[in-house]
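**Student:** My questions concern the predicted model and sequence given below.
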Amino acid sequence: MPLSEHEQKLLEQLEKQLHEDDPKFANSMGSDPGRTWSTRHIVIGVLCTLAGIALLLVGVTVQNIFVGVLGFIVMGGGVYFATMRNAAGGKQRSAPGAGKSGKPRSSFMSSLEERWDERRRDES
């Protein structure tokens, strides 16, 4: 379920505050808002990895080193492709407000939102 526009803004503000308060910890956690996991990359990578394993097994079975090495390369490329992150991240998402805005928010998000609003009021 995608986050609403307000929840996305809150999350971005929390991430920004974390980077300001403790940049070393934030960097070690690897929170890069512009990079996300791509389902397409994972599926294609897993399929390539399986094809590489099959080629590797065929190479071992027919005792042909070139087919085995090719299978290993395809397998490694599949793993690399599956673990790549999409640099376009949030830019490919649907337009704001297009999600299910009629659903009630979870109590966790509601409490976070209330605390954030109270904090903003106290600062002003």
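**Tutor:** Nice, thanks for sending it over. What you see is a predicted model, and the numbers here were worked out from it, not measured in a lab. Residues are numbered from 1 along each chain as shown.

**Student:** drop to CA atoms for contacts and neighbour counts, all remaining ones
**Tutor:** Fine.

**Student:** if you average pLDDT over whichever helix or strand residue 24 is part of, what comes out?
**Tutor:** Residue 24 belongs to helix 23-29 when assigned by DSSP states H and E. Averaged over helix 23-29, pLDDT sits at 70.

**Student:** Equivalent analysis for stretch 114-124, please.
**Tutor:** For stretch 114-124, the per-residue pLDDT averages 78.

**Student:** can you give me the offset of that stretch from its chain's centre?
**Tutor:** How far stretch 114-124 lies from its chain's middle: 30 Å, per Cα atoms, centre = their mean, to the nearest Å.

**Student:** Ok, stretch 52-61 next?
**Tutor:** 31 Å.

**Student:** For it, buried residues please.
**Tutor:** Neighbour-count burial for stretch 52-61 flags 52, 53, 54, 55, 56, 57, 58, 59, 60 (criterion: 16 or more other Cα atoms under 10 Å).

**Student:** Next up, the contacts around the fourth one.
**Tutor:** Contacts here follow Cα atoms under 8 Å, 6 or more residues apart in numbering; on that basis residue 55 touches 67, 68, 70, 71, 72.
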